[in-house]
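In: When you get a sec, could you give me coordinates for this:
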Amino acid sequence: MGGYAVNKGNRNPYQPEDPQGADDCDLSFTVDLVGVQPEITSSLSFGDELLVTLKTNGAVTSVVCADERGEVAGTLAAFRGLARLIGCLRQGESYVAVVQAASPTRCMVFVRRR
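Out: Numbers count the residues shown, from 1 in each chain. Purely as a prediction, here's the structure:
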């Protein structure tokens, strides 16, 4: 027998209910950087921290991970939650990417709010 659930209130039935006091910008996830810069990533080690920032070039906005000198190690791209991360960064939230693994061709980071 088929049926449907009644939408109570204004809650979107396709989104999970937020726990009490949930914060949409309390993000943490592990991801591989895209477009890694070998001259930067080859010197990174497990536990090193990169600053997550927005970089705008014309009409295109990217999320990049840079070292303490501002050198970009790579870009955060094409993952679920990217739009939310960009929105939070635009609201002034700050995030750090902790290196989990790095080589000249790959850099995996754990991103969390500072």
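In: Next, count neighbours for Gly87.
Out: 12 (other Cβ atoms under 10 Å). C-betas here are computed from N, CA, C, even on glycine.
In: what about it, which helix or strand?
Out: helix 82-90 (DSSP states H and E).
In: repeat for Ala97
Out: strand 95-102.
In: partners of that strand in the sheet?
Out: According to DSSP bridges, strand 95-102 has the following sheet partners: strand 49-57 (antiparallel), strand 107-113 (antiparallel).
In: pLDDT averaged over the helix holding Gly87 - what is it?
Out: When pLDDT is averaged over helix 82-90, the result is 95.
In: Give me the contact list for that helix.
Out: 24-25, 27, 52-54, 61, 63, 76, 95, 111 (Cβ atoms under 8 Å, 6 or more residues apart in numbering).
In: Check stretch 30-48 too.
Out: With Cβ under 8 Å, 6+ apart, stretch 30-48 has contacts from 50, 65, 67, 71-79, 97-111.
In: ok, 10 Å please
Out: 50, 62, 64-69, 71-82, 97-112 (Cβ atoms under 10 Å, 6 or more residues apart in numbering).
In: Would you mind measuring the gap between the ends of that stretch?
Out: One end of stretch 30-48 to the other measures 14 Å (Cα to Cα, to the nearest Å).
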